[in-house]
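[1] Got a sequence here, can you build the structure:
(one chain, ligands or ions: 1)
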Amino acid sequence: MLYLKWLNFKESQTNKQPFEYKCVSIVFFYKFIEMKTINTLSLFILFGMIATKSVGTDFNSKSGNNATEYAPSENSATSPCITEKEYSLLESRILENKKLLQSKNINLSNSSNSITLLNWPLRPSPDLTDCSYYHISAYVDQNTTSGLVQDYNCGSNTYDGHRGTDISIWPFNFYKMDNNLVEVIAAAPGIIIDKHDGEFDRNCAATTVSANYVLIQHADGSYALYWHMKNGSITTKAIGQSVIAGEYLGVVGSSGSSSGPHLHFEVWSGSTVATRVDPYYGTCNSLNASSWWTSQKPYKETGILKASVHTTDAVFPACPATETSNESTSFQIPFQGPGLSPGYAKFYAFLRNEVSGLNATLTILNPNGSSYLTWSYTSANDAKVRAWAWSKVLPTNPGTYTFRVVYNGVTCSSDFEITTSTGILSNGNSKDLKIYSSSSNRKTIFELKNSSIQQIELFNLLGEKVNHVNINERKAELNSPTSTGIYFYRLIDDKQLIYTGKLFLE
Ligand SMILES: [Zn+2]
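    This is a model prediction of the structure:
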């Protein structure tokens, strides 16, 4: 069991605000609009040829630079993943089910000489694009003295009496659960000895309601228990059927006594909880003499889980509400994010196992691979997981940019598009729009083929609206701005669809 609330994970936990996620994607339609130059004032429409470049300075909006740190809550001794009552129920069900299976001549495993090694019990769905998706929120407690804790590595990443490994999914854990983005898979081949489904799966604290789970017995007689899964996600295979390593068992959820979506993965060498082992081998593992993993992961996997660009701050509501990420892979210039300064977006780095003193290097790369903007962050203290966000000015030249974060030698990046001109004003005809200016009265004139355009707006490079006009006809005149330079126009039609482009006025 794991989360309860979002906590700041400075290993000592202080209350912090919660998290959220949901994808916002903006679809753009591109089209080139015919350029016309008429008379006097010369006026050009430029597509992707602007020579200016935004200055990459930090912006101290109310959302801040070194914004928010976020981390989830965990299960604890007072909110254990599996209660004593549930353990005894499990043990009795194993006895019953094995008897039943033996009576049907289903071939159960017998102790073999070698240990059945375990693969990682989770996998991301193909729809998950994050660089990684999990962290260990609690290992097995090796210290049997009540009130004292110790994990296999002689650290304290566990809670009193914890018999399994809690693997939490993060960030945006309820979003991941809602969208089946992290699957539980069989760590080793074996036979399903017990399973249960149909339980509520959005718990945030200890509860007497059971979890959705699968219990598998391996060839060496050992058992693996997969606990807290999503309601309705459990494999349709029946008790007594076999599974192969890597086979789907369910989706990570928060059923049973759980403080948030995570897998409680517990391994027994025999059919009772008293035979539990810790698959991680280390100096302070007194339960077993070697690692049970095919390939044991490091105690701390310090690195970057996700690097992403957002239209505004992500929203992390209290458990069990689903998070809203406000992430986007496309930004149309001029861009205005809610609560941000014109032209700025939020750049997020989701770090795992932060170590005090380690540096993160954050870079926005131009389409040609050169650096548009770079900055750094130094961890001030250790944390299991934490999100950081910075307000940075977006590029204005169209193209595909990359936001890259390097932390502890681990690189994670994501691409985003900058677009400046959009819109088809009629069915693919290129002569939809004429823009020209008149020197005699310093007017900029828009002639439209499409009569559905209702409003024209003009913005400067800072994203400030410098002029606008409502139109009823196919021709509109705006007073030209007094300063020469680059401007953006925006046309809004009767369906509130927006088309934009750039102008150079001189
Ligand atoms: Zn647990």
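[2] As a check, name the ranges of all helices in the stretch 151-300 of the chain.
    173-178 (DSSP state H, counting those that start in this stretch).
[3] Spell out which residues of it are next to the ion.
    Gly164, Asp166, His264 (CB under 5 Å from the ion). C-beta: built from backbone N, CA, C; applies to glycine.
[4] Just the buried ones among those, please.
    Buried positions within those, assessed by neighbour count (16 or more other CB atoms under 10 Å), are Gly164, Asp166, His264.
[5] Can you add distance to Gly270 and pLDDT and give the residues of the stretch 151-300 of the chain next to the ion back as a markdown table?
    Formatted as a markdown table, these follow (distance: CB to CB, whole Å; pLDDT from 0 to 100):
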| residue | distance to Gly270 | pLDDT |
| --- | --- | --- |
| Gly164 | 16 | 98 |
| Asp166 | 22 | 98 |
| His264 | 19 | 98 |
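[6] pLDDT of the helix or strand containing Tyr489, averaged?
    Element membership for Tyr489 (DSSP states H and E) is strand 485-493. Here strand 485-493 scores 78 as its mean pLDDT.
[7] who does it pair up with?
    strand 453-459 (antiparallel), strand 498-505 (antiparallel) (DSSP bridges).
[8] Tell me which residues of it come out buried.
    Ile486, Tyr487, Phe488, Tyr489, Arg490, Leu491, Ile492, Asp493.
[9] gap between Ser210 and the ion?
    According to CB to the ion, to the nearest Å, Ser210 and the ion sit 15 Å apart.
[10] Return the residues in contact with Asp127.
    Asn179, Leu181 (CB atoms under 8 Å, 6 or more residues apart in numbering).
[11] and if we set it to 10 Å?
    By CB atoms under 10 Å, 6 or more residues apart in numbering, the contact set of Asp127 is Asn179, Asn180, Leu181.
[12] what comes up buried for stretch 433-453?
    For stretch 433-453, by 16+ other CB under 10 Å, it's Leu433, Lys434, Ile435, Tyr436, Ser437, Ser438, Thr444, Ile445, Phe446, Leu448, Asn450, Ile453.
[13] cool, stretch 404-418 as well?
    Residues of stretch 404-418 classed as buried by neighbour count (16+ other CB under 10 Å): Arg404, Val405, Val406, Tyr407, Asn408, Val410, Cys412, Ser414, Phe416, Glu417, Ile418.
[14] do stretch 305-321 as well
    Those would be 305-316, 319-320, for stretch 305-321 by 16+ other CB under 10 Å.
[15] I figured Asn179 was touching Thr322, is that so?
    Yes. Counting by CB atoms under 10 Å, Asn179 touches Thr322, with 9.3 Å between them.
[16] Which residue of the protein lies farthest from its centroid?
    Taking CA atoms, centre = their mean, the residue of the chain most remote from its mean C-alpha position is Ser440, at 55.3 Å.
[17] between the buried residues of stretch 305-321, which is nearest the ion?
    For the buried residues of stretch 305-321, the closest approach to the ion (CB to the ion) belongs to Cys319, at 16.3 Å.
[18] State the three-state secondary structure for that closest one.
    coil (DSSP: H, G, I helix; E, B strand; the rest coil).
[19] residues near Thr374, how many?
    For Thr374, the neighbour count with other CB atoms under 10 Å is 12.
[20] ok, it - contacts?
    Counting by CB under 10 Å, 6+ apart, Thr374 touches Gly56, Thr361, Leu362, Thr363, Ile364, Leu365, Arg404.
[21] Whatever residue of the stretch 351-500 of the chain ends up closest to the ion: neighbour count?
    Proximity of the stretch 351-500 of the chain to the ion (CB to the ion) peaks at Lys384, 14.5 Å away. Neighbours of Lys384 under the rule other CB under 10 Å: 25.
[22] Surely it touches Asn353?
    Yes. The criterion here is CB under 10 Å, and Lys384 meets it with Asn353 at 6.3 Å.
[23] which residues are common contacts for the two?
    Joint contacts of Lys384 and Asn353 (CB under 10 Å, 6+ apart) are Phe9, His135, Ile136, Asn157, Lys300.
[24] Lys98 should be in a strand, yeah?
    No. Per three-state DSSP, Lys98 lies outside any strand segment and is helix.
[25] rewinding a little: just send the buried residues of stretch 404-418 back as CSV, with distance to the ion too.
    As requested, the buried residues of stretch 404-418 are exported to CSV (distance: CB to the ion, whole Å):
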residue, distance to the ion
Arg404, 34
Val405, 30
Val406, 32
Tyr407, 27
Asn408, 26
Val410, 26
Cys412, 27
Ser414, 31
Phe416, 37
Glu417, 41
Ile418, 44
